[in-house]
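S.K.: model this:
(chains A and B)
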Number of protein chains: 2
Amino acid sequence: MTEKTSIQVKENIFSANDQIALENRDYLDSLQVFSINIMASPGAGKTSVIIQTLSRIAAVLRVGVIEGDTAPVTIDADKISAAAQIPTTQINTGGDCHLDAVMLRQGMSALPMDQLDLIMVENVGNLVCPAAFKLGTHKNILIASIPEGDDKPYKYPAMYQSVDVLILNKMDLLPYVDFNLPYFLEGVRILNPNLIHFPVSSKTGEGFQAWTDWLLSEVRHP
Amino acid sequence: MTEKTSIQVKENIFSANDQIALENRDYLDSLQVFSINIMASPGAGKTSVIIQTLSRIAAVLRVGVIEGDTAPVTIDADKISAAAQIPTTQINTGGDCHLDAVMLRQGMSALPMDQLDLIMVENVGNLVCPAAFKLGTHKNILIASIPEGDDKPYKYPAMYQSVDVLILNKMDLLPYVDFNLPYFLEGVRILNPNLIHFPVSSKTGEGFQAWTDWLLSEVRHP
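M.R.: Now for the predicted structure:
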């Protein structure tokens, strides 16, 4: 296979995906369902952030969750179901390193969309691939975590440039880890000057009030 | 593009890569250079483990390092150069989520291969893509870390099945994180029963003696 063929195939894939992402957005808007796409490195705490968020908003919003995993395991979906009585569905990407717009469409078809105000989509744990595939969601959220290290914006710039909100998780571990917060935030500022960011700890609940206030405001006044 | 075309393209890519991986291995063997491919999630501590390892082996082995990154940043290569006077080269994957065999060939061409005993290859931070692309190295090493969580073997089985050695890093954070070590190790055992594993802390140096003893033994008696 020549390099040219490979590039052509990639362009076709991205273009087809973007078209379906637009259709997803139209569908969500027609139902007045707000949607967020949550991306992060493996182990940054996507599921824990979702559970902490649900504990604060599930009483006032009707929420559904779509879980993306590369393997047919329901660990995250089970955790969420155990923590909150809300509609949850699982997408197995079959080894692929990201969700795409078709997978989101499939996930939405498994949820009672006309009875929801918000869907939270947990993408595959990965700082590279998910940034390249639009889903059609309203906001892209990146969760970084203290033990990952302060150099991540510099090393994964496409991801940091592609998101609307940054949640910096595991703030409770800051005393035990060499993490230079000003250096990290300077990297973020260079790549994405207007990025909103919320420092939080899923373990202690620190910072979740500000994040959920923002999320509630967006859902109510998109 | 039909699904069939997509599968065909993937097969062609894997097959071409495997062929070059075999050529890489032949080249390494002809020079009697041992090689390890280090994979991990972003922030698991690949660079820190390499630096700790170099501090213990650079006096007795001639080592070169190949750094893979998705962006044209030399943060990791600079850290390694600052820590040890050894040949180091950087590969920018141009956004791709993994190294491949052609990139390793390029990396090796930038090192004085006939003057080395060992090359350490730091793959892109990712628990999905690198597992699918053989490089031709002698051993595949996975670094997991305590704050990533104890469920990672269950959620990224292809990676855990594809490696020869597991380094479990950041053991110093165990007191501060909910990490069930028996649950983690049971997941590893199910997927890869003979996987050798070394618990370490790059911060304290704990566990590095056992890991470097193993590595030295492999280099000397491959």
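S.K.: longest helix anywhere in chain A?
M.R.: In chain A, with assignment by DSSP state H, the single longest helix is helix A:3-31.
S.K.: Packing partners of that one?
M.R.: helix A:101-109, helix B:3-30 (3 or more CB pairs under 8 Å, 6 or more residues apart in numbering or on different chains; DSSP states H and E). For every residue, glycine as well, the C-beta is placed using N, CA and C.
S.K.: Serialize those to a markdown table and add fields for mean pLDDT.
M.R.: As requested, those are exported to a markdown table (pLDDT from 0 to 100):
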| stretch | mean pLDDT |
| --- | --- |
| helix A:101-109 | 97 |
| helix B:3-30 | 81 |
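S.K.: Need the winner for burial among the ones you listed.
M.R.: Among these, helix A:101-109 has the highest mean neighbour count (mean count of other CB atoms under 10 Å in any protein chain shown), at a mean of 19.
S.K.: Pull up the per-residue confidence for the closest residue to residue A:128 other than its chain neighbours.
M.R.: Sequence neighbours aside, residue B:97 is the residue nearest to residue A:128 in space, at 3.9 Å (criterion: CB to CB, 6 or more residues apart in numbering or on different chains). At residue B:97, the model reports a pLDDT of 92.
S.K.: Name the helix or strand for residue B:97, please.
M.R.: Assigned by DSSP states H and E, residue B:97 belongs to no helix or strand.
S.K.: Double-check it against residue A:124; I have them as touching.
M.R.: No: between residue B:97 and residue A:124 no contact is recorded; they are 10.9 Å apart, counting by CB atoms under 8 Å.
S.K.: for residue A:24, what are its contacts?
M.R.: Residue A:24 sits next to A:101, A:104, A:105, A:108, A:135, A:136, A:137 when contact means CB atoms under 8 Å, 6 or more residues apart in numbering or on different chains.
S.K.: Grab the nearest non-local neighbour of it.
M.R.: Distances taken as CB to CB, 6+ apart place residue A:136 nearest to residue A:24, at 3.0 Å, with adjacent residues excluded.
S.K.: What's the local residue count around the one you found?
M.R.: 24 (other CB atoms under 10 Å in any protein chain shown).
S.K.: same check, this time on the one 4 residues further on
M.R.: The local packing of residue A:140 (other CB under 10 Å) involves 20 other residues.
S.K.: more crowded one of residue B:97 and residue A:124?
M.R.: Using other CB under 10 Å as the criterion, residue B:97 and residue A:124 rank with residue A:124 on top: 26 against 23.
S.K.: Distance of the more buried one relative to residue A:186?
M.R.: Between residue A:124 and residue A:186 the distance is 28 Å, computed by CB to CB, to the nearest Å.
S.K.: again, but for residue A:19
M.R.: Residue A:19 sits 37 Å away from residue A:186, going by CB to CB.
S.K.: Next: residue A:156.
M.R.: Residue A:156 is 15 Å from residue A:186, where distance means CB to CB.
S.K.: again with residue A:87
M.R.: 41 Å.
S.K.: More neighbours: these two, which one.
M.R.: The residue with more neighbours, out of residue A:87 and residue A:186, is residue A:87; 17 against 14, by other CB under 10 Å.
S.K.: pLDDT below threshold where in chain A?
M.R.: By pLDDT under 70, the low-scoring segments of chain A are A:1-10.
S.K.: Centroid-nearest residue for it?
M.R.: Here the mean C-alpha position of chain A is nearest to the C-alpha of residue A:38 (CA atoms, centre = their mean), at a distance of 0.5 Å.
S.K.: which SS state does that one fall under?
M.R.: Look at residue A:38: counting by DSSP: H, G, I helix; E, B strand; the rest coil, its state is strand.
S.K.: Tell me who's in contact with it.
M.R.: Taking CB under 8 Å, 6+ apart as the criterion, residue A:38 is in contact with A:46, A:49, A:50, A:120, A:121, A:122, A:123, A:141, A:143.
S.K.: ok, which stretches of chain A are helices?
M.R.: Going by DSSP H, chain A shows helices at A:3-31, A:46-57, A:75-83, A:101-109, A:152-155, A:157-161, A:181-191, A:208-220.
S.K.: what does the last one contact?
M.R.: The list of residues contacting helix A:208-220 from outside it, by CB under 8 Å, 6+ apart, reads A:34, A:36, A:52-53, A:56-57, A:60-61, A:117-118, A:138-139, A:165, A:167, A:196, A:198, A:200.
S.K.: hmm, which of the residues you listed are the buried ones?
M.R.: Among those, those classed as buried by 16 or more other CB atoms under 10 Å in any protein chain shown are A:34, A:36, A:52-53, A:56-57, A:61, A:117-118, A:138-139, A:165, A:167, A:198, A:200.
S.K.: Relative to chain B, which of those residues is nearest.
M.R.: Taking CB to the nearest CB as the measure, chain B lies nearest residue A:52 of the buried ones among the contacts of helix A:208-220, at 13.8 Å.
S.K.: Thought residue A:202 was touching that closest one, still the case?
M.R.: Yes: counting by CB under 8 Å, residue A:52 touches residue A:202, with 5.0 Å between them.
S.K.: about what we covered before: TSV for the helices and strands packed on helix A:3-31, including distance to residue B:92?
M.R.: Listed next are those as TSV, based on distance: least, CB to CB, whole Å:
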stretch	distance to residue B:92
helix A:101-109	28
helix B:3-30	18
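S.K.: so which of those helices gets nearest residue A:206?
M.R.: helix A:101-109 (30.5 Å; CB to CB).
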